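Asks: just coords:
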């Protein structure tokens, strides 16, 4: 059970880094779009507006999973719940619009 716990903590930490990176880049792109307009830009017109809303709570959820798994008194149910949540967040992040490659000057 200890190995599974360590594996899940590693997965959660890796996913947390990916989510933070995604959100940082997506926020920068949306900010650039907003700055190019003199008018209000609705959420639907922002390249990553919906993705930023959808992933807003991911960092907090992942940090909670990491803290919960780091507890000495982790139950089998806690581990199963953590695994389910991590899988759910991985899937949700993979459904988000891809970020442009560094070569793209799309935005």
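Replies: Looks like it came in fine. Owing to the predicted nature of the structure, the values given are computational and were not obtained by experimental measurement.
Asks: residue closest to the middle of the protein?
Replies: Centroid-nearest residue in the chain, with C-alpha atoms, centre = their mean: residue 19, separated by 2.9 Å.
Asks: In this structure residue 99 contacts residue 23, no?
Replies: No. Applying C-beta atoms under 8 Å, one finds residue 99 not in contact with residue 23, separated by 10.3 Å. For glycine as for every other residue, the C-beta is placed from the backbone atoms N, C-alpha and C.
Asks: Which neighbouring elements make contact with the helix or strand the residue nearest to the centre of the chain falls within?
Replies: Here residue 19, judged by DSSP states H and E, is contained in helix 2-35. If you count contacts as 3 or more C-beta pairs under 8 Å, 6 or more residues apart in numbering; DSSP states H and E, helix 2-35 packs onto helix 49-54, helix 58-70, helix 76-94.
Asks: Mean neighbour count and distance to residue 6 added to those, as CSV?
Replies: Shown next, in CSV, are the helices and strands packed on helix 2-35 (neighbours: other C-beta atoms under 10 Å; distance: least, C-beta to C-beta, whole Å):
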stretch, mean neighbour count, distance to residue 6
helix 49-54, 16, 29
helix 58-70, 17, 9
helix 76-94, 14, 11
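Asks: Rebuild those as a markdown table, extending it with mean pLDDT and distance to residue 38.
Replies: As requested, the helices and strands packed on helix 2-35 are exported to a markdown table (pLDDT from 0 to 100; distance: least, C-beta to C-beta, whole Å):
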| stretch | mean pLDDT | distance to residue 38 |
| --- | --- | --- |
| helix 49-54 | 96 | 18 |
| helix 58-70 | 96 | 32 |
| helix 76-94 | 97 | 33 |
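Asks: Columns distance to residue 13 on top of the ones you listed, output as CSV?
Replies: Listed next are the helices and strands packed on helix 2-35 as CSV, based on distance: least, C-beta to C-beta, whole Å:
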stretch, distance to residue 13
helix 49-54, 21
helix 58-70, 6
helix 76-94, 10
